[in-house]
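[1] Fold the stuff below for me.
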Amino acid sequence: MLHFNRMVLKDFGPYKGEQIIDFTSKSGVTILWGNNGRGKTTLLNAFRFGLFGVVQRRNGVLKKISEMGNLEAASEGRYGFSVSLEMTNDADTYKLTRELVLRPGVAKPSGEEDYEKNFSLNKNGSILSPEDREHELNVIMPEQVARFFLFDAELLQEYEELLEANTADGEQIKNSIEKILGVPVLQNGVVDIESSLSQYERAKSRAATADDKTKKLGQELETLNANIEQHQNIINEKQADLGDFIRRKSILEGQMQDTETLRGWIIQRNELEKGLAKSDSELNDVNAKLRELLKDAWRGMLLNTIRDVREKVDKEISALESKKEKHNVADKFILEIKKAISDRVCPVCGQDVTADVIQSLKEKINQSTSEFKGLSEEERQRLYDLRTQLQSVKKLSADVSDVREVVKNLEDHKESLELGIGQTKQQIEEIRDNISRYDNETDEISILNITREHSEVEQTIKDIRRGIDEETKKVNELKSDKERVSKAIDKTAGGIDYRIASRRYELCEHLYKIFDKSKSLYRERLKKNVEKDATNLFVKLTGDKDYTGLKINDNYGLEIIHRSGRTVPGRSSGYEHIVALSLIGALHMNAPLRGPIIMDSPFGRLDPVHKSNIARTLSSMAEQSILLVYLGEIDDQVARKEIGNKLIHEFKLARVSSMYTKVE
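    Numbering: from 1, shown residues only. As a prediction, this is how the structure comes out:
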């Protein structure tokens, strides 16, 4: 079992100069306390760099490794850094040193190319060769399973992917879990026997081809085998590509998470700028319409005059029409009187009209003719002109009124646009200020391209999976044809060479089935053991009697089981944290490879009760636990009380300056 005894840092990150952390050879818990920004995550990366030569950021592996050098040391003329780990694995002792130093002849570096990496591994007092040290490290701590020994609270969120089927991250974690549990030992055996099986199968088909009775079937079998191999090679290539794209997707998701706020600002700014351009264009159109309408603005000044003219014209028209109407009435009356005189009968009552009445009627006719004269020719022309004038005045009045209404509406819209444009400009300015103050080395185009590339990578992963499914279907169809041909050959062939080749193939096939079945049985047994141990840990960590345990799925994802027997949907981030810790502990209990748990911010998302439960349980999850804890994450008195005599050491990450942290 791997155990870290001591770490020596030289100018690594904020750890200026040589600093030593003595974990001792005792089993138990070590706590390193430090505020945010003091170098807890850097210590986690110190283990990664020492073991694997890499530094992990949330957006992927750090490419410019020289950035981990201490800035104050560099200002004093010391460039590069080193990490040394003294450790034991069972009965063997090791000293591992990895460093980044200036190349010979370089006094001051100008770039990454001015550095070189050095790496040495001492085992039991002897320095190992480059080949032996790589093999030895891979035995002690394979990089593929390091996620179960070195992890932070953010990494714990990844295990939620295990609940989802066919996700890229879930598949990657599942493969890592099976590696730590030792499944690849059997898997490699299956692969090796499958390779031998293919060789015996080819020998069998060659023997069938050499037999006259089965020559044609043997050739068909060889063709089928060649086609199967061709499609299987395509599957292998696609699976390799799938792994590359899954890793790329993981890196992109880390970058998206790191730049989420900045991307949001950039997208919001771009949308506001589009809206601003549209509003500016609309405002220009409104101003153009107003300018066109205001060319006739003088008409608005004529409204009072137009009203006076209209009243005068109306009055004169009314007088002329009244005169005309009276004349018409009088004419009608005179016609009636004349008729009465002529007929000597009243047209109204039918009585006879006497001579005296006729004389009186003649006098009235003369009187009406002089009193109700009709319109003269001049007056009739005047009435026509006045009516034409009235129509023009009415139209002019209506036009002026309509223009005023349109102008008012346009001016209201203009005011609204100008107000919105002002507010939008203010928002854009605030966002630009936020962007300018945001500390990020990536340019805006690259940041926006992350989302696009992530979408493209996701689509590529789907396409590759679809391609693998299609090729697998073809392989299965070819294997079905091959089985049919093989049965036909077995019935027909009688040569000794074919019988020998066939017996060898059958023996190897039996071995293949045994290993394949063993792998499945071993995997299922491990899953049951992991489920059982994870349940025991979960019950201790939660203390909630409503939750009776955990149920494992094919991806090694764990679901919470309610005492009613139902699974608990939509669990909180705190419970996700606890489930992930339960899985980690169960894997350590069941893995052939045993080692320490080194965790950054293990209590961050939990309430005080669960923090206490975890502190109490941690020592049972691994023989050595190293916790990197920020101040206030858990009360130090609670931690000491719950861990008890399993607490071996406590260290403080003390600030000397913004670029210098000292381990005390």
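
[2] switch to C-alpha atoms for all contacts and neighbour counts from now on
    OK.

[3] Now do the same for residue 373: its pLDDT.
    If you check residue 373, the pLDDT there is 56.

[4] Might you report the residue contacts of residue 567?
    559-561 (Cα atoms under 8 Å, 6 or more residues apart in numbering).

[5] Over to residue 646?
    Neighbour list for residue 646: 27-29, 619 [criterion: Cα under 8 Å, 6+ apart].

[6] Over to residue 197?
    505, 508-509, 512.

[7] just residue 211 next, same as before
    So residue 211 contacts 493, 495 (Cα under 8 Å, 6+ apart).

[8] and with 6 Å instead?
    The contact partners of residue 211, by Cα atoms under 6 Å, 6 or more residues apart in numbering, come to none.

[9] and the gap between it and residue 225?
    18 Å (Cα to Cα, to the nearest Å).

[10] Go through this structure and flag its longest helix.
    If you go by DSSP state H, the chain has its longest helix at helix 377-437.

[11] That one: what's the following helix or strand?
    Tracing the chain past helix 377-437, the next element assigned as helix or strand by DSSP states H and E is helix 444-492.

[12] Which SSE is immediately downstream of that following helix?
    helix 496-542.

[13] next SSE after that next one?
    Downstream of helix 496-542 (by DSSP H and E), the next one is strand 547-552.

[14] Just the angle for that next one relative to helix 496-542, thanks.
    160 degrees (axes from the mean of the first three to the mean of the last three Cα atoms, to 10 degrees).

[15] Just the mean pLDDT for strand 547-552, thanks.
    The model assigns strand 547-552 a mean pLDDT of 88.

[16] Could you tell me which other helices and strands the next helix or strand after it packs against?
    Per DSSP H and E, the first helix or strand lying C-terminal to strand 547-552 is strand 558-562. Other helices and strands packing on strand 558-562, by 3 or more Cα pairs under 6 Å, 6 or more residues apart in numbering; DSSP states H and E, are strand 547-552.

[17] Sort out which residues of the strand it packs on are buried, please.
    547-552 (16 or more other Cα atoms under 10 Å).

[18] Can you report how many residues lie near residue 292?
    A total of 11 residues lie near residue 292 under the criterion other Cα atoms under 10 Å.

[19] Tell me the spacing between it and residue 283.
    Residue 292 is 14 Å from residue 283, by Cα to Cα.

[20] next one: residue 345
    Distance from residue 345 to residue 283, by Cα to Cα: 83 Å.

[21] more neighbours, the two?
    More neighbours surround residue 283 than the other of residue 345 and residue 283, with 20 against 16 (other Cα under 10 Å).

[22] pLDDT value on residue 525, please?
    pLDDT at residue 525 comes out at 88.

[23] Distance check, it against residue 511.
    Taken as Cα to Cα, the span from residue 525 to residue 511 is 21 Å.

[24] more crowded one of these two?
    residue 511 (17 against 12).

[25] Quick one: residues contacting residue 83.
    Residue 83 neighbours (Cα under 6 Å, 6+ apart): 8-9, 50, 97-98.

[26] Go again with 10 Å.
    7-12, 18-19, 46-51, 53, 96-100, 119 (Cα atoms under 10 Å, 6 or more residues apart in numbering).

[27] For ChimeraX, write the selection for the buried entries among those residues.
    Those of these that count as buried under 16+ other Cα under 10 Å are selected in ChimeraX with:
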select :7,8,9,10,11,12,19,46,47,48,49,50,51,53,96,97,98,99,100,119
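
[28] just to revisit the earlier point, relative to helix 444-492, how tilted is the longest helix of the chain?
    Going by the same axes, to 10 degrees, helix 377-437 makes 70 degrees with helix 444-492.

[29] from now on call the first residue 518
    All set: I'll call the first residue 518, so the last point we hit is now helix 894-954.

[30] Can you pull the poorly scored residue ranges out of the stretch 1068-1181 of the chain?
    1122 (pLDDT under 70).

[31] rerun at 80
    In the predicted model of the stretch 1068-1181 of the chain, residues 1072-1074, 1086-1091, 1093-1094, 1108-1111, 1121-1122 satisfy pLDDT under 80.

[32] Break down it into its helices, ranges please.
    1090-1107, 1125-1138, 1153-1160 (DSSP state H, counting those that start in this stretch).

[33] that older thread, tell me the two of the buried residues of strand 1064-1069 that are most distant?
    The largest separation in those, counting by Cα to Cα, is between 1064 and 1069 at 14.8 Å.

[34] okay, the helices of the stretch 1068-1181 of the chain in a markdown table with mean neighbour count next?
    Formatted as a markdown table, these follow (neighbours: other Cα atoms under 10 Å):
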| stretch | mean neighbour count |
| --- | --- |
| helix 1090-1107 | 22 |
| helix 1125-1138 | 19 |
| helix 1153-1160 | 16 |
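
[35] I'd like to know which of the ones you listed is closest to residue 556.
    It's helix 1153-1160; of the helices of the stretch 1068-1181 of the chain, that one is closest to residue 556 (Cα to Cα) at 19.0 Å.

[36] Please compute how far the closest one lies from its chain's middle.
    Chain-centre distance of helix 1153-1160: 38 Å, with Cα atoms, centre = their mean, to the nearest Å.

[37] Please save the CA atoms from it in CSV.
    C-alpha atoms of helix 1153-1160 as CSV (Å, rounded to 0.1, in the frame of the first residue of the first chain):
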residue,chain,number,x,y,z
ASP,A,1153,-11.2,23.3,13.8
GLN,A,1154,-12.5,22.1,17.2
VAL,A,1155,-15.1,19.9,15.5
ALA,A,1156,-12.5,18.5,13.2
ARG,A,1157,-10.1,17.6,16.0
LYS,A,1158,-12.9,16.1,18.1
GLU,A,1159,-14.4,14.0,15.4
ILE,A,1160,-11.1,12.7,14.0
